[in-house]
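Turn this into a model:
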Amino acid sequence: MTDLSHPTTEEHASPWFDLDAYVSLPRLGALSLSPDGETLVCSVQGVTADRTEYASALWRVDPHGERAATRYTRSVQGESAAGFLPDGSLLFTSKRDVPAVGEDEPKKSTTALWCLPANGGEAYVLARRDGGWGDVLTSPLSDTVVLGVLMHAGVEDEEADAAKREARSKRKISAILHDGYPVRFWDKDLGPETTRLKAATVGGDGDRALEDLRDLTGDVGRSVREAVLSRDGAALAVVWGVPRRAGETMSQLELIDVASGQRRTLAADDGHEYGSPIFTDDGATVACVRTARSTAERAPRPTLWLIDVASGEGHEVAGGWDRWATPVAFAPDGLTLYATADDDGDCPIFAIDVASGEVRRLTGDGSHSSVLRSPDGTTLYALRASYASPGEIVAVETASGTATVLRAPVEYPPLPGRLERVETEASDGTRVPGWLILPEGASPDQPAPLTLWVHGGPLNSWNSWSWRWCPWLLVSRGQAVLLPDPALSTGYGQSYIQRGWGRWGAEPFTDVMALTDAAEARDDIRSDASVMMGGSFGGYMANWIATQTDRFTAIVSHASLWNLGNFGPTTDAAWYWKREMTPEMQAKFSPHQFAAQITTPMLVIHGDKDYRVPIGEGLALWWALASVFDGDPADLPHRFLYFPNENHWILTPQHARVWYDTVLEFVAARREGRPMGVVENL
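Predicted structure coming up:
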């Protein structure tokens, strides 16, 4: 009989078992398409030589699927933010060393703007500045580019900004004086610099240069959030943040004339947020997401919104479609809108008739992202991923939906098991779906132990591959992994989200338990060795489960919410969470109130740079576990894995390995009833 927990020699060599090989696997990133539609560029992230960081390179992919992918750029520092000029030249940003100009040699850390000529030759520096460049927006019909730059508040020009940056650096000043909320975002401190948008023309023959660089926005604080350039380069649609009373903030749409810098409001109202804008080819219409703001009783409700640019009048499209969609492209004639939306365990591309609102699912299985349209409108290009595939580049025919897999820079090895769609019925009759991944050899004669893994969000779904949350690393070691989509998950309609809104410890919890019961009832799953794990909202659920039941052998709680009352005002977006986390919700569903009921061994994991779920949540959970344990300190069954330099996600390759090594050893020790062994590099 095969031992599922001890792979063969061949399986040991697989990156789904060998963690060093896993963190070294290249990862497909964003796509860019040349104006003539003949060159597709893909960003590929790989581990650096010292194996402590990831860096991206740009690869050329044949959009017809005939030629093998070839590498476009090479540097130690990597490249990003790629965009094409009308002649096919490629712009990108990189921290590669910048050649000196006269006596002025920029710092090696400066991010410069580079140009790779369409007709071949070496990439050269198009522009440099002390603060570097951020986003690069290009258009297929104009040599106008729009660049995102970080500049200090109150400065008028580049010279003043450079002087202020140099002065702060020399004096080693990192302090930031805030005059509004928020002050942090995910893992970054906000300020003292804020984003401005600048426009320029790429001119000249031979080695080209930026000409007529001008500030489009000026010093507008933290207003600029997201921007998209029209196809002719004449207009810019910007998601604009506006501070409101009581620390609130809202998002509206602004339209900027690139030639003059004049700005006007395109869409704004008190009850809605606006985001994800795209233009029609003629620039006459903008599609965006219009989201009804959440309240204590009502979950957010995004809809697709079309705005006439000339008049500013807007209307909903496909209003009867019960999905949360994001617009990605228009057909050339503007009569069809393409959008992606989570849908029952996938994230397909949909085609929407603008006039009638009729919705047609265009693609099959998988989650589609970085969607681009060919110039003639016959093809969409996208990254497609799922828990059955780490990623591939596909060309989708807009007429038929037929998808062709292109020759990508990366081909991944086979996965070590099988993926099944599963579901059960909740006590209120609601269908509860999810994914179950079984190791090779799992059978009634050799049932596999179960790991329940709850997703974050919570407005999210287990519908796309994640390098951060990879169940196959557990499956390769003989474990079955259950990925439930409980109440609050996206892709199942507004009512499915609403039934869990403000009720985290109710329907989302009972849904998870119901699907776990169904999985454990299978004859190819063991019912006596289940463990549970989750991060962020999944970490909240780990903590809630630990206080409500002792059915699990071990629980792993990553970046988790423990005390909802403390989390609310300390997170980076308190204005958002306070709408749902009322005092009543906190009193009913905050896990910290039930700390004394925890008997299951827990592994607590937290990064100090996590501003979404601040480190205080992990520290408070750890103190609760230690303080309620009245046995010999040497027998404390819990562990705390702390990352001083990581954030909400564990991003560096060496720490990703430590994360999985620790989780796997903690779980194995509890299942085997032995002390936890030594984890390599700890």
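
any idea which helix or strand comes after the lowest-mean-pLDDT helix or strand in the chain?
Across the helices and strands of the chain, mean confidence by mean pLDDT, DSSP states H and E is lowest for helix 9-12: a mean of 52. Next helix or strand after helix 9-12 toward the C-terminus (DSSP states H and E): helix 19-24.

what about that following helix, distance to the chain center?
21 Å (Cα atoms, centre = their mean, to the nearest Å).

Could you do stretch 266-283 as well?
22 Å.

Tell me the buried residues in it?
By neighbour count on 16 or more other Cβ atoms under 10 Å, the buried set for stretch 266-283 is 266-268, 272-281, 283. Placement of C-beta: from N, CA and C, glycine included.

now stretch 440-451
E440, A442, P447, A448, P449, L450, T451.

Of these, which belong to strands?
L450, T451 (DSSP state E).

on that earlier part again, export the buried residues of stretch 266-283 as TSV, with columns for secondary structure, distance to E297 and pLDDT.
Output for those, formatted as TSV (DSSP: H, G, I helix; E, B strand; the rest coil; distance: Cβ to Cβ, whole Å; pLDDT from 0 to 100):
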residue	secondary structure	distance to E297	pLDDT
L266	strand	30	98
A267	strand	25	98
A268	coil	24	98
H272	strand	17	97
E273	strand	18	98
Y274	strand	23	99
G275	strand	23	98
S276	strand	26	98
P277	strand	29	99
I278	strand	32	99
F279	strand	36	99
T280	coil	37	99
D281	coil	41	98
G283	coil	40	98
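
Show me which of those is closest to D346.
S276 (19.4 Å; Cβ to Cβ).

The closest one contacts P327, doesn't it?
Yes: taking contacts as Cβ atoms under 8 Å, S276 lies within contact range of P327: 6.2 Å.

which neighbours do the two share?
In the contact map built from Cβ atoms under 8 Å, 6 or more residues apart in numbering, the residues linked to both S276 and P327 are C288, V289.

where exactly do the strands run in the stretch 501-650 of the chain?
531-535, 555-558, 602-607, 639-643 (DSSP state E, counting those that start in this stretch).

can you state the direction angle for the first one and strand 602-607?
Between strand 531-535 and strand 602-607, the angle comes out at 20 degrees (axes from the mean of the first three to the mean of the last three Cα atoms, to 10 degrees).

which other helices and strands contact strand 531-535?
Strand 531-535 makes packing contacts with strand 450-454, helix 537-548, strand 555-558, helix 653-672 when contacts are defined by 3 or more Cβ pairs under 8 Å, 6 or more residues apart in numbering; DSSP states H and E.

just how off-centre is the shortest one within its chain?
Read it as strand 555-558. 21 Å.

Which secondary structure elements does it sit against?
Against strand 555-558 (3+ Cβ pairs under 8 Å, 6+ apart) you get strand 531-535, helix 537-548, strand 602-607, helix 653-672.

closest to H638 out of the ones you listed?
strand 602-607 (4.8 Å).

how distant is the closest one from the center of its chain?
21 Å.

Distance of the nearest residue to G618 once chain neighbours are set aside relative to V667?
Closest residue to G618 apart from its sequence neighbours, by Cβ to Cβ, 6 or more residues apart in numbering: H606 at 3.0 Å. Relative to V667, H606 is positioned 18 Å away (Cβ to Cβ, to the nearest Å).

How about G364?
Taking Cβ to Cβ, one finds G364 at 35 Å from V667.

just R639 next, same as before
Going from R639 to V667 by Cβ to Cβ gives 11 Å.

what about those two, which has more around it?
Higher neighbour count among R639 and V667: V667, with 26 against 20, using other Cβ atoms under 10 Å.

Mind pulling up the pLDDT for the residue nearest the centre of the chain?
Nearest to the mean C-alpha position of the chain, counting by Cα atoms, centre = their mean, stands S466 at 9.2 Å. pLDDT, S466: 97.

what sits against the closest residue to D342 other than its chain neighbours?
Spatial nearest neighbour of D342, excluding adjacent residues (Cβ to Cβ, 6+ apart): G491 at 3.4 Å. Neighbour list for G491: R323, A341, D342, D343, D344, G345, D346, C347, S461, N463, D485 [criterion: Cβ under 8 Å, 6+ apart].

now the helices for this structure?
9-12, 19-24, 158-170, 472-475, 494-498, 507-520, 537-548, 564-570, 574-580, 583-589, 615-628, 653-672 (DSSP state H).

Please identify the deepest-packed of those.
helix 537-548 (a mean of 26; mean count of other Cβ atoms under 10 Å).

ok now that one, how far from the chain's centre?
With Cα atoms, centre = their mean, you get 23 Å for helix 537-548.

Ok, stretch 416-432 next?
25 Å.

what does stretch 389-401 give?
20 Å.

Let me know the pLDDT of the residue nearest to G618.
For H606, pLDDT reads 99.
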